[in-house]
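Q: I need the structure of the sequence given here:
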Amino acid sequence: MDKIPLVSILIVTRNRRRDLVRAIRSALLQDYPRCEVVVVDNASSDGTAEMVRQDFSEVRLICSHKNLGCPSGRNLGFVNCRGKYIFLLDDDGWLEENALDVSVKRAEADESLAVVLSAIHEEDHDAVRIRPEGNVPMYINSFVGCCALIRREALLQVGLFPDDFFRQAEEEDLAIRLLDAGWFCFFEPQSIMYHSQSVVGRDLKAFEYYSIRNTTKTALRLWPFPYNVARVLVNGLHGFRILFTRGDLRTFVRLSMNLFHDVLYLKGKRRPVGIKTLRLFMHLQKYPSRNRPKHYP
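A: Numbers count the residues shown, from 1 in each chain. Okay, here's the model as predicted:
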């Protein structure tokens, strides 16, 4: 068996050809000795696929005939990746040359880790904002899908991202299932990803809508009673806030109608995690830990 595990760097993209070039180049320049780069093109119309074929022949290109969204696009990528680990990289981000090596070393040193999250250095006008905040390695409750190393074994055990999400909040759904199965997420600040948000596909209203709807769906499907009810009520208040602060009646109506639909759709499909798992999940959200938390099976 190889001592150095193969890592697949997975990039899902749509109509961001110029940004994608930088992301691919940073992936190919990693100083980690065994990696492959896989690009999933979500039916781009800007010549993305043609560019990848012409300029990056060493990259495995997977073309979808339609825009699957981010979670399902990543799921399509997962089944086409061969690595022991899959590193998720956003198409408008790029990696420090040792990012992959640092993340893999952390994961190999702790077999309980399903996810190793890199530090995101976000360009914000003339400043750089780092998230998550802090420079101390920590066990965390969830992760950000733009720069995270994921262990294949964990995905095979608990499943992939939810295919009924189009965008936003898919990480929480996966993270809580991982925690319930005994896996952890970890923040490794020495693994660095730089992020300059592309203007293509950025929509604040869509971000808010899908964030609220999908965290509600996760609660309906995975959160035990009565926490699921409380989560739905809190998200309902967020919907009211959008209505009254922005006068956005359309988004409020969409959220209300989709809540009714999701309650009916997910009826009988609930598979709630244990209450102790959810409590640990919520505790880690407030109090990330330097030491491995006590896990409640």
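Q: where along the stretch 51-200 of the chain do the strands fall?
A: Assigned by DSSP state E, counting those that start in this stretch, the stretch 51-200 of the chain shows strands spanning 60-64, 85-89, 93-95, 113-124, 127-131, 138-140, 147-151, 184-195.
Q: Indicate which one of these is closest to residue 258.
A: strand 60-64 (24.2 Å; C-beta to C-beta). Yep, even glycine has a C-beta here, placed from its N, CA and C like the rest.
Q: need the least confident one among the strands of the stretch 51-200 of the chain, by mean pLDDT.
A: Here those differ in mean pLDDT, and the lowest is strand 127-131 at a mean of 86.
Q: Correct me if wrong: residue 4 contacts residue 33.
A: Yes: at 5.8 Å, residue 4 counts as touching residue 33 under the criterion of C-beta atoms under 8 Å.
Q: dump the residue contacts of the nearest residue to residue 163 once chain neighbours are set aside.
A: Spatial nearest neighbour of residue 163, chain neighbours left out: residue 72 (5.1 Å); criterion: C-beta to C-beta, 6 or more residues apart in numbering. Residue 72 is in contact with 161, 163, 165-166, counting by C-beta atoms under 8 Å, 6 or more residues apart in numbering.
Q: can those residues go into TSV with extra columns for neighbour count, pLDDT and distance to residue 222?
A: Formatted as TSV, the contacts of residue 72 follow (neighbours: other C-beta atoms under 10 Å; pLDDT from 0 to 100; distance: C-beta to C-beta, whole Å):
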residue	neighbour count	pLDDT	distance to residue 222
161	20	97	13
163	14	92	15
165	19	93	13
166	17	92	18
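Q: ok, back up a step: what's the closest of the strands of the stretch 51-200 of the chain to residue 22?
A: strand 93-95 (5.0 Å).
Q: what's that closest one in contact with?
A: Under the criterion C-beta under 8 Å, 6+ apart, residues 22-23, 25-27, 30, 89, 118, 120, 146-147, 192-196 lie in contact with strand 93-95.
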